[in-house]
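In: I'd like to go over a predicted model; first the sequence, then the structure.
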Amino acid sequence: MLEIKLPIRLRISVLSLGGQLKNTVCFAQGRRAYLSPENGNLEAPENFIRFEKVVRRFLKEKPRVISYDMHPGYVSSQFALALDKGRFSLCPVQHHHAHIASCMADCGLKNEKVIACAFDGTGFGGDGTIWGGEFLLSDYQGFQRVGYLKPVPLVGAEAAIRQPWRLAFFWLEEIFGKKLWQKKLALFKRISRRDWELLRRLPRLNFNSPLTSSAGRLFDAVASIILGQPEADYEASLAIELERLANGFCEKSQGYPFDFIFKDGCFIIDSGPIFRNIVKDLEQNLDRRSIAYSFHLSVAKMIQRGCLFLSKKTGIKKIVLSGGVFQNRLLTKMVKDLLSKQRLSLLLSQRVSCNDSGISLGQAVIAGIKGRA
């Protein structure tokens, strides 16, 4: 059990139930929070049993509020909704807001506005799409989505997480159209044209292809192309391999270009030019280490540009990074180096992980500071 001294006093006691993957549970009261060990993926029966035992233990502390993730399909959220409504007040919390609040609390920030970059694999967005490449203006009490990665269809929904080639092919077809199959890529030796022709219809039929702005899925798609691997052994396994490949490169790179577009008061980052240049470099047989490194630098520059734009617009100097993508040490170092040159203060989680095992802390602080019972 990890005890955390909070930078603000909560108005009410809270039990937060975390997310689905890398689940933890957190009880918070006053200026103290107690974070459970990781329970794992709650779809596994043995993990759910462990989760339930921890929850029952914390319920003995008589929390006034139960907070949970907004995703209706999460086991932890369904568990919260099944509890006796007469004993508790329920407080749903948006996934990426929880990520940012967790980092803020871990770093000792009081309730102040920050520029937040939340990059991860999956989080239920407030607009019904899947978020994961988000720029927010945030404090403990709320957030405003001010920028994000261009949403693309997750072809086949969760199957695309296990088979990142689906996302890769969507990007490639969007860029190259009918000329897609003329490209000389190793990935094309592993996937038949017929398979893609069947799947490509799903987004057009609005069937089983939810939109996602996920940075984690962007890494998966790029890794699938560079490594020539259609499937992942586990979530983010290809992205991890891509980071290892990039770490083997030590020459200078400028990264790849990307488009920065303004729409409806937000900025949208379009990765299309990155894919185009990666294919060009692969066809020219450039060192894959160089290509992987350039991609990482491109993502770091996306974050730099977004944060610098928001800082100039708002005057805010504190930048919070959270979400599982920032377990990528190479990317995080690149972002640190780029933002330090802009005289911005960068905050990263210290004791609590930036991945989903940290969101229960954020849920607890958000619900506790609102103080509604």
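Out: That came through, no problem.
In: name the nearest residue to Asp220, ignoring sequence neighbours.
Out: Pro164 (3.7 Å; C-beta to C-beta, 6 or more residues apart in numbering). Yep, even glycine has a C-beta here, placed from its N, CA and C like the rest.
In: that neighbour and Ala364: what is the separation?
Out: Distance of Pro164 to Ala364, given as C-beta to C-beta, to the nearest Å: 33 Å.
In: when these two are compared, which one has more neighbours?
Out: For Pro164 versus Ala364, neighbours defined as other C-beta atoms under 10 Å are more numerous around Ala364 (36 against 29).
In: ok, now which ones touch the more buried one?
Out: Applying C-beta atoms under 8 Å, 6 or more residues apart in numbering, we find Ala364 in contact with 10, 14-16, 26-28, 33, 67.
In: return the distance of the helix or strand where it lies from the chain's centre.
Out: Using DSSP states H and E, Ala364 falls within helix 359-370. Offset of helix 359-370 from its chain centre (C-alpha atoms, centre = their mean, to the nearest Å): 18 Å.
In: buried residues, that helix. List them.
Out: Residues 359-370 are the ones in helix 359-370 that count as buried (16 or more other C-beta atoms under 10 Å).
In: cool, stretch 293-313 as well?
Out: In stretch 293-313, counting by 16+ other C-beta under 10 Å, buried: 293-311.
In: and if you look at stretch 190-206?
Out: Those would be 191, 196, 199-200, 202-203, for stretch 190-206 by 16+ other C-beta under 10 Å.
In: could you tell me the end-to-end distance of it?
Out: For stretch 190-206, the first-to-last residue distance is 27 Å (C-alpha to C-alpha, to the nearest Å).
In: got it, and stretch 125-142?
Out: 14 Å.
In: and Arg351, what element?
Out: Going by DSSP H and E, Arg351 is not in any helix or strand.
In: what about the closest residue to it other than its chain neighbours, distance to Cys117?
Out: In this structure, Arg351 finds its nearest non-sequential neighbour in Asp106, 5.9 Å apart by C-beta to C-beta, 6+ apart. The gap separating Asp106 from Cys117 is 16 Å, by C-beta to C-beta.
In: and if you look at Val222?
Out: Counting by C-beta to C-beta, the gap between Val222 and Cys117 amounts to 18 Å.
In: which one's more surrounded, these two?
Out: Cys117 (30 against 27).
In: low-confidence stretches in the stretch 1-150 of the chain?
Out: By pLDDT under 70, the stretch 1-150 of the chain has no low-scoring segment.
In: would you map the strands across it?
Out: In the stretch 1-150 of the chain, the segments counted as strands under DSSP state E, counting those that start in this stretch are 2-5, 14-16, 26-29, 32-35, 65-69, 89-93, 114-124, 130-138, 143-149.
In: output those strands as TSV; include the columns distance to Ala159.
Out: Listed next are those as TSV, based on distance: least, C-beta to C-beta, whole Å:
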stretch	distance to Ala159
strand 2-5	35
strand 14-16	30
strand 26-29	32
strand 32-35	33
strand 65-69	22
strand 89-93	27
strand 114-124	13
strand 130-138	14
strand 143-149	21
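In: which of those sits closest to Val335?
Out: strand 114-124 (8.2 Å; C-beta to C-beta).
In: residues contacting the nearest residue to Pro63 once chain neighbours are set aside?
Out: Nearest residue to Pro63, sequence neighbours excluded (C-beta to C-beta, 6+ apart): Leu15, at 3.9 Å. Listed by C-beta under 8 Å, 6+ apart, the contact partners of Leu15 are 25-27, 55, 58-59, 61, 63, 65-67, 364.
In: of the residues you listed, which is the nearest to Arg351?
Out: Among the contacts of Leu15, and counting by C-beta to C-beta, the member closest to Arg351 is Cys26, at 12.8 Å.
In: the closest one: neighbouring residues, count only.
Out: Applying other C-beta under 10 Å, we find 29 residues neighbouring Cys26.
In: so what's it up against?
Out: 14-16, 18, 33-36, 360-361, 363-364.
In: kindly report the same for Pro92.
Out: 67-70, 77.
In: so where's the stretch 251-373 of the chain shaky on pLDDT?
Out: Along the stretch 251-373 of the chain, the model assigns pLDDT under 70 to residues 371-373.
In: quick check: chain neighbours aside, which residue is closest to the residue nearest in space to the middle of the chain?
Out: With distances taken as C-alpha atoms, centre = their mean, Asp120 lies nearest the centre of the chain, 1.4 Å away. Spatially, and ignoring its direct neighbours in sequence, Asp120 is nearest to Gly323 (3.4 Å; C-beta to C-beta, 6+ apart).
In: residues in contact with the one you found?
Out: With C-beta under 8 Å, 6+ apart, Gly323 has these contacts: 96, 99, 117-120, 132, 215, 354-355.
In: and Gln350, by the same measure?
Out: Contacts of Gln350 by C-beta under 8 Å, 6+ apart are 106-107.
In: if I look at it, how far off is Ile366?
Out: Gln350 is 19 Å from Ile366, by C-beta to C-beta.
In: relative to its centre, which residue of this structure is most distant?
Out: Using C-alpha atoms, centre = their mean, the residue of the chain lying farthest from its centre is Gly86. It sits 34.1 Å away.
In: for that one, what are phi and psi?
Out: With angles defined as degrees, to the nearest 10, Gly86 sits at phi -70, psi -20.
In: could you do Phe295 as well?
Out: Per degrees, to the nearest 10, the backbone of Phe295 is at phi -60, psi -50.
In: which residue, neighbours along the chain excluded, lies closest to it?
Out: Excluding its sequence neighbours, the residue lying closest to Phe295 (C-beta to C-beta, 6+ apart) is Val222, at 5.4 Å.
In: work out for me the element that neighbour sits within.
Out: Going by DSSP H and E, Val222 is in helix 215-227.
In: following that helix in sequence, what is the next regular element?
Out: Helix 215-227 is succeeded, C-terminally, by helix 237-247 (DSSP H and E).
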